[in-house]
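# sequence plus predicted model, see below.
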Amino acid sequence: MRSTLLRKVWDLHTVRRLPSGQTQLLIGLHLVHEVTSPQAFDMLRLRGRRVAFPDRTFATVDHIVPTDGQPRPFADELAEQMMAALERNCREFGVPLFDLSSDDQGIVHVIGPELGLTQPGMTIACGDSHTSTHGAFGAVAFGIGTSQVRDVLASQCLAMEPLKVRRIIVDGALDPGVYAKDVILAIIRRLGVQGGVGFAYEYAGPVIERMTMDERMTVCNMSIEGGARAGYVNPDETTVGYLRGRRFAPAGEAFDRAAAWWRSIASDPGAAYDDEVRVDGTAVRPMVTWGTNPGQSAGVDERVPGPADVADADRAAVADALAYMDLEPGSRIAGTKVNVAFIGSCTNGRLSDLQEAARVVRGRRIAAHVRGLVVPGSRRVRDAAEREGLHEVFLEAGFEWRQAGCSMCLAMNPDRLEGRELCASSSNRNFKGRQGSPTGRTLLMSPAMVAAAAVAGEVTDVRLLLSRSEAS
Ligand code: SF4
């Protein structure tokens, strides 16, 4: 029978159906970080339990780490406590930890793929919403809460509601200067931030098939922002090529056997979907959010809508968002002055993101009133970028070049907005107060668009800068 990847992976990992209607799913890989794990380990300790599969559990430190030098103890006492708790828990429970002394440290959704821990056909869980990132490999990956982290540590299982599958086909081709971030922002704008509730999103079509693994990760990362429980791309030769030679991927003949199985778990041609949506990739332009959720976005050449332009049910939310963001209905989003430019996060902190941003800033200076931060997603990304000299490009342009971590995506470390600052950000959430200041404001966009905003000192169309670079 023809089936989707989600159904195949789900069935293969089903331990049993629960009386609640949920499925008890075996989890192939559990990724742990310092923020959502301390209480989970404490609960295990209280009940005298061990970690059921320490060889399927890996930990890293990312959310709280300072990125401007990392001497211990950290100046922030709470951060130091979280770090010390993770170290103690990993030692006591036998969980490998990529800590600050490890070349493999970085954001959990960056290091899993780059180490080859993330593989097609797996079920993956992590106590972070953006675990959907790993779906780029054809894994079924869930962000979970602390009590579920406890459950997975103790039993390697999760109780999960069954999911429907919506296939999102992105047709055509992207114009130069239009990126994976623009595609996913355009999808969320169209389907809404609640549109994916009860669904897993399967991304398909020529635009997705041509994407690199980094780009697919950007798309899958933000599935959760569209309300979907998970998002994935069927594994193909791009996936297999990315995984070959990675540290935790199979090697030799075992790799060839694994690759054959990975290809087999892709959705079958003619599989039935609960819903299907087509997006014209040719029409996607560089996107910028203007509101306080990732669905409130516009093309860089568009105007910000007003309450009168939207359905009755959305009017109050739009008015509230515009008031918070200090934007006039009907104004152009291009030309909005920015104070901070942040390039990083698990959405867009990978090497190709930094390469694209560097292409924009090379030979230019960021505006005098802009504070610019480039925060690689992992140590490996940082090292690779330095080998290419990207750090010099950013430093010469006036950006700060930081150590790896989540940084200003969530501002659980000292990298924060101040007051009403407006930040052009390559991260994934523009909620009120997300970047550290309770009144701070966030405009989500691609890393290249952030770089362009930093140079111009205001939101601008990156395609203008790219065409000027090519002409010079
Ligand atoms: S970069 Fe942001 S979204 Fe990603 S894991 Fe860190 S805090 Fe979460």
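It's in. Numbering: from 1, shown residues only.

# the strands in the stretch 51-200 of the chain, which residues?
Taking DSSP state E, counting those that start in this stretch, the strands of the stretch 51-200 of the chain run over residues 57-60, 97-98, 123-126, 140-143, 157-160, 164-171, 199-204.

# what is the shortest one packed up against?
In this case it means strand 97-98. Judged by 3 or more C-beta pairs under 8 Å, 6 or more residues apart in numbering; DSSP states H and E, strand 97-98 is in contact with strand 57-60, helix 77-93. No exception for glycine: its C-beta is placed from N, CA and C like everyone else's.

# quick one: the last one to chain centroid distance?
Centroid separation between helix 77-93 and its chain, computed with C-alpha atoms, centre = their mean, to the nearest Å, is 25 Å.

# how close does the nearest residue to Ala452 once chain neighbours are set aside get to the ligand?
Of all residues not flanking Ala452 in the chain, Val462 sits nearest, at 4.0 Å (C-beta to C-beta, 6 or more residues apart in numbering). Separation of Val462 from the ligand (C-beta to the nearest ligand atom, to the nearest Å): 22 Å.

# check contacts around Val462.
Contact partners of Val462, counting by C-beta atoms under 8 Å, 6 or more residues apart in numbering, are Gly177, Pro286, Val300, Val360, Ser446, Ala448, Met449, Ala451, Ala452.

# let's see 10 Å
176-179, 182, 286, 300, 356-357, 359-360, 445-453, 455-456 (C-beta atoms under 10 Å, 6 or more residues apart in numbering).

# please apply the same query to Val197.
Taking C-beta under 10 Å, 6+ apart as the test, what Val197 contacts is Lys164, Gly226, Gly227, Ala228, Arg229.

# what number of residues lie near the third one?
Burial of Gly227, expressed as a neighbour count using other C-beta atoms under 10 Å, amounts to 18.

# what is the burial count for the residue nearest to it when sequence neighbours are not counted?
Nearest residue to Gly227, sequence neighbours excluded (C-beta to C-beta, 6+ apart): Gly196, at 3.8 Å. By the measure other C-beta under 10 Å, the count of residues near Gly196 is 26.

# ok, His13 next?
20.

# Ala341: which element?
strand 340-343 (DSSP states H and E).

# how far does that strand sit from the chain's center?
The chain centroid and the centroid of strand 340-343 are separated by 16 Å under C-alpha atoms, centre = their mean.

# which SSE is immediately downstream of that strand?
helix 345-348.

# dump the following helix or strand past that following helix to CSV, keeping only the CA atoms.
Moving toward the C-terminus from helix 345-348, the next helix or strand (DSSP H and E) is helix 351-361. The C-alpha trace of helix 351-361 is given here as CSV (Å, rounded to 0.1, in the frame of the first residue of the first chain):
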residue,chain,number,x,y,z
LEU,A,351,27.9,28.1,7.1
SER,A,352,25.9,28.8,3.9
ASP,A,353,23.9,31.4,5.8
LEU,A,354,27.1,33.2,6.8
GLN,A,355,28.5,32.9,3.3
GLU,A,356,25.4,34.6,1.9
ALA,A,357,25.5,37.3,4.5
ALA,A,358,29.2,37.9,3.9
ARG,A,359,28.5,38.2,0.1
VAL,A,360,26.3,41.2,0.9
VAL,A,361,28.7,43.0,3.4
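
# given the very next helix or strand once past helix 351-361, what are its sheet partners and their directions?
Downstream of helix 351-361, the next assigned helix or strand under DSSP H and E is strand 371-374. The strands beside strand 371-374 in its sheet (DSSP bridges) come out as strand 340-343 (parallel), strand 400-401 (parallel).

# what average pLDDT does strand 371-374 get?
The pLDDT scores in strand 371-374 average 98.

# hang on, the earlier thing: make sure the residue nearest to Gly227 is actually in contact with Glu202.
No: using C-beta atoms under 10 Å, Gly196 is not in contact with Glu202; the gap is 11.3 Å.

# list the residues that contact both of these two?
Joint contacts of Gly196 and Glu202 (C-beta under 10 Å, 6+ apart) are Arg166, Ile168, Ala228, Ala230, Gly231.

# confirm the third one sits in a helix?
No: for Ala228, which was evaluated using DSSP: H, G, I helix; E, B strand; the rest coil, the result is coil, with no helix membership.
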